[in-house]
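**Student:** 3D, please:
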Amino acid sequence: MLEITGIGRDTVAGFFAEVGDLSEYNHPRQIPKLAGLSLKENTSGKHKGRTRITKRGRKKLRALLFPASMILVAKNKAFKALHLNYTTRPDNPLKKMQSIIALCNKLKCILFSIGKKQFVFQEEKMLKDIPHMQAFIQEPIAA
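**Tutor:** A predicted model of the protein is given here:
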């Protein structure tokens, strides 16, 4: 996990301190509820409100993932490319804060997978696994 550019030992230690033993989880989708990063829409009758995160969960885990995601956007080429794609895509572009929350969930999945399966993180492989990111793989990622 420390080989990911932009992730420090405090982030990794804090992740394991908040999440605990990863063998208790079957899928990384179980952790957003634990962190309170699940999305919900505030609606009532005909009124369609804004979509926000639930904030029901571990406050410290959210407080750990959010700054880590912002640092990854600044220092990691793959996360920077994902953030750029999320905010500038032609259909359904996200606002910057929404993109950071999406990247928090992505980071959570990556940390979960590395902790559970013990593999080395590769930026190119992460982008290759996302279908709409094929354009970023063929042209080099700008720093």
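**Student:** For this protein, just list every one of the helices.
**Tutor:** Taking DSSP state H, the helices of the chain run over residues 9-19, 30-35, 59-75, 77-88, 96-117, 123-128, 134-138.
**Student:** Go through the ones you listed and name the closest to residue 51.
**Tutor:** Of all the helices of the chain, it is helix 96-117 that lies closest to residue 51, at 8.4 Å by Cβ to Cβ. Placement of C-beta: from N, CA and C, glycine included.
**Student:** Pull the distance from that closest one to the chain's centre.
**Tutor:** 2 Å (Cα atoms, centre = their mean, to the nearest Å).
**Student:** That one to helix 59-75, inter-axis angle?
**Tutor:** Angle, helix 96-117 to helix 59-75, by axes from the mean of the first three to the mean of the last three Cα atoms, to 10 degrees: 100 degrees.
**Student:** picking up where we left off before, same list, the helices of the chain, but as TSV with distance to residue 53 please.
**Tutor:** Below are the helices of the chain laid out as TSV (distance: least, Cβ to Cβ, whole Å):
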stretch	distance to residue 53
helix 9-19	16
helix 30-35	9
helix 59-75	8
helix 77-88	16
helix 96-117	6
helix 123-128	23
helix 134-138	27
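**Student:** Nearest to residue 46, out of the ones you listed?
**Tutor:** Using Cβ to Cβ, these put helix 96-117 closest to residue 46, at 24.1 Å.
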